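1. Provide a 3D model corresponding to the input given below.
(chains A and B)
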Amino acid sequence: MRHGKYPFIIGFLAVPVALYAIFVVGAYLQMFRLSLTDWSGYGTFKDIGFDNFVKLWNDEVIWTALRHNGFLLLVMPIVTIAIALLFAFLLNVGGGSKGGMTRGVWGSKIYRVVFFFPQLLALALVAVIFQRVYGPDKSGMINGLLPDSWEPWLFLADEKWALTCILIVLIWQAVGFYVVLFSAGMGSIGQEIYEAAALDGASRITLFFKITLPLLWGNIQVAWIYLGIAAFDAFALVNIMTVNQGGPNNSTQVLSMQIYLNAFKYSQAGYASAIGVVLFFLALSFAWLTLRVTRSDSVEA
Amino acid sequence: MSDITKSELDRRSLLRRAAAVGLAATPAVGMLSACVGSGSDEKKDQATGTKSADNPLGIDPKAPVEIVIFDGGLGTKYATDVDTPMYKKKWAESEVKYTATEQIATTIKPRLNAGNAPDMINNSGADMMDFGAIVKAGQAADLTDLFAAPSFDIPGKTVGETLVPGAIEQGTYDVDGGRKPFAVNYSFTVFGMYYNKKLFDKNNWTVPTTWADFTALCDKIKAAGIVPFAYAGANASYYMVRAIMTSAAKIGTEQVLKDLDNLKPGAWQAPAIKQAAEAWGQIGVKYMNKSFLGLRHTEVQLQQNQDKVAFYPCGSWLENEQAASITPNFEYAVAPYPSVTTSDQLPATAINAAAGEIYFASTKGTNVQGGKEYLRVMLSKAAALEFTKLTKSLTVVAGAADGQTISPGLTSGNDMLSKAGKDVFMGYLWDTWYKKMNDASLEAVNALMFNGGDAQKFCDTMEKVAQDVAKDSSISKNTRA
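-> You can find the predicted model right below:
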């Protein structure tokens, strides 16, 4: 058994590692290299040191985009996790216990499937659907449901609310996946713990805060990091849904959109790479910070 | 406890799956650099032949030529059924390798950078490449010899002499050796306000020529419960920019627009620009509600097709684009933008008409001269006429479609063109030269039209953007005479 271990592991890992090295690590290395050049995306380039980063520091639109990513980063994970936890709890434990078994609210099996639906749709499809949901005149789905005498809501055409509209779609799309993730987590919490707590007369709310939440901490931590990375992205929705790709008046501009515009529309691939480098470090430090800050609170399940 | 979660999705396998998703969800920015080329600049071996009266571009009659056509609004039939057979008729031994794609940049950019590009490329569509950057990278061939060569089927004239004024200039760029033409902008678009002629006839509405007539008519249309003038702010603000630019040129001649193209300091503060922005800003304030800011081209088009919108600013491709959607009660016609002031320097009939749809020969092909020869075929009168018949778009080949009745909108556009006579101007190029400025103008025009019509703010915003572009050494500059 022992001498067969290494060939087995190497055989198993060689392909994934090679793919990862070429398509992820290799691409990142190229990006780092390009961020120090003036490459347009066509033909040759020359080195310009850190000029791209200086330009980036002075670029107002980048700062606007960064603020918007920050907003998404603060709000999206917390709201998504809160909703997903609530739903998962209701689906698994919310129905109280019967015959010593905790169970979900009535119809929980159907809800579980329904909540997962958005996850099955391609993000581009979701964006196109919500474009119509948010239609700014009477033909829009939400506006069509409002009374005729009301002025239509502008949604994505309103500078103040456009980013919130995007945020809602991001959350709507993500919740189903985390409901399933947390449900699985709850499934691994021992039945006897719930039983004991129920015998002690714990209410459903107490059950949630004293038992479910601490024992799910590892899952929540993971969810937080994934959602944070998603908040740094948001590209597909902004690209497809918003007024003039990031408008009106840059009110939905995000870093990933700036990378796309600079790389493919403004022919400034070097500059776009510099933004990519910044985004890389932001995402990395976010993940590191999250793990650090939340580590001490975890309870071993 | 649910049996689904317990038996099939235990926590560990779910985390494993989540990890796989997380890997894919890492921002995909790394991929962007995956298409870096070798950056080699060495000359490729080119197929060439001997120049003669019959072979003015000196192509190798036996060498194959590879062409790529954008498969979009114009279709590909004009290439497969007209241009290629014409080319093959003359050069029977030369094989034409043809591909059509909707994704020009995705498929062609890596080949340009790797140095094995097709010989003739149609750069168009949502995924089109930044042509200025291609020229700067030396990937587009100088077309001076093509325009100086004799026309394919108009005796006694060079190719250049058969084209409408401004057609060559639109594909001309500043390079190290001076200003040279690098692109054939093949289709010819007439810009104006499109409307339903039948709706106007029914209501006895006449097309306005002065601004006072225009606003009076707008009041009448509004009273009839129809939006008098609208554009789609979400993805077609470009047309509104063009409307303002056209009005500015009519107030103060095309020189106003040339100054913008040349990034002349203060050009956006010129009185003509401000007057035009002021006048249009008021149209926005009075006649358009804010929902149009969030609507798309197709959505506003649908409203016009249903007679809910009267005037729509657009180019002559509109009719073909909407051919399947309009009812027999709808007949496209087009009117010039009315004069803004009584002292406009150009007459009310003056219009903006510009060449578009880039075709270029690539230096990274193996048969560049063959690619140019293919372009010479396209620029023949016969091919141009067939193109217009197939696509309902005029071409830059002057008068190729004269005397043809093809469609009401096209006839109306042609009519407007002949009434304008010498007062047809090419317009501006800053939107294609400086993409960043173009994007900024889309935002600025939306702010002007939907946020109270502040013309001074529009001018200030654009002036700042223009000067930022002028100062940015990473953006290659072009000039216009």
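2. Now do the lengthiest strand in chain B, average pLDDT.
-> Longest strand in chain B by number of residues, with DSSP state E as the criterion: strand B:184-196. Taken as a whole, strand B:184-196 has a mean pLDDT of 93.
3. Quick check: pLDDT value at A:G140.
-> 87.
4. List the residues that contact it.
-> Counting by CB atoms under 8 Å, 6 or more residues apart in numbering or on different chains, A:G140 touches A:R132, A:V133, A:Y134, A:P152, A:F155. The way it works is simple: take the backbone N, C-alpha and C, and place the C-beta from them, glycine included.
5. is it possible to export the residues you listed to a markdown table including secondary structure, pLDDT and distance to chain B?
-> What follows is those, written out as a markdown table (DSSP: H, G, I helix; E, B strand; the rest coil; pLDDT from 0 to 100; distance: CB to the nearest CB, whole Å):
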| residue | secondary structure | pLDDT | distance to chain B |
| --- | --- | --- | --- |
| A:R132 | helix | 90 | 10 |
| A:V133 | helix | 93 | 12 |
| A:Y134 | coil | 92 | 8 |
| A:P152 | coil | 85 | 6 |
| A:F155 | helix | 90 | 7 |
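6. Now, of those residues, which are buried?
-> Buried subset of the contacts of A:G140 (neighbour count, 16 or more other CB atoms under 10 Å in any protein chain shown): A:V133, A:Y134, A:P152, A:F155.
7. among these, which two are most distant?
-> Using CB to CB, the pair of the buried ones among the contacts of A:G140 lying farthest apart is A:V133 and A:P152, separated by 13.0 Å.
8. Stretch B:63-76 - what's its average pLDDT?
-> pLDDT averaged over stretch B:63-76 gives 89.
9. could I get it in CSV with only the CA atoms?
-> Once non-C-alpha atoms are left out, stretch B:63-76 reads as follows in CSV (Å, rounded to 0.1, in the frame of the first residue of the first chain):
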residue,chain,number,x,y,z
ALA,B,63,-2.3,32.5,-54.6
PRO,B,64,-5.3,31.8,-52.4
VAL,B,65,-6.9,34.8,-50.6
GLU,B,66,-8.5,34.5,-47.1
ILE,B,67,-11.4,36.7,-46.2
VAL,B,68,-13.4,37.1,-43.0
ILE,B,69,-16.9,38.6,-43.0
PHE,B,70,-18.9,39.8,-40.0
ASP,B,71,-22.1,37.9,-39.8
GLY,B,72,-24.5,40.6,-38.5
GLY,B,73,-27.2,43.0,-39.7
LEU,B,74,-25.9,43.1,-43.2
GLY,B,75,-25.8,39.4,-43.6
THR,B,76,-23.1,37.6,-45.6
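10. and that stretch, how far from the chain's centre?
-> In terms of CA atoms, centre = their mean, to the nearest Å, the centre of stretch B:63-76 is found 17 Å from the chain centre.
11. if we can go back for a sec, strand partners (parallel or antiparallel) of the longest strand of chain B?
-> With DSSP bridges as the test, strand B:184-196 is paired with strand B:309-315 (antiparallel), strand B:332-335 (antiparallel), strand B:351-361 (antiparallel), strand B:394-395 (antiparallel).
12. Tell me the helix or strand right after the shortest one.
-> Sequence-wise, the next helix or strand beyond strand B:394-395 is helix B:408-420, with elements assigned using DSSP states H and E.
13. helices or strands up against that following helix?
-> Applying 3 or more CB pairs under 8 Å, 6 or more residues apart in numbering or on different chains; DSSP states H and E, one finds that helix B:408-420 makes contact with strand B:184-196, helix B:318-322, strand B:332-335, strand B:351-361, strand B:394-395.
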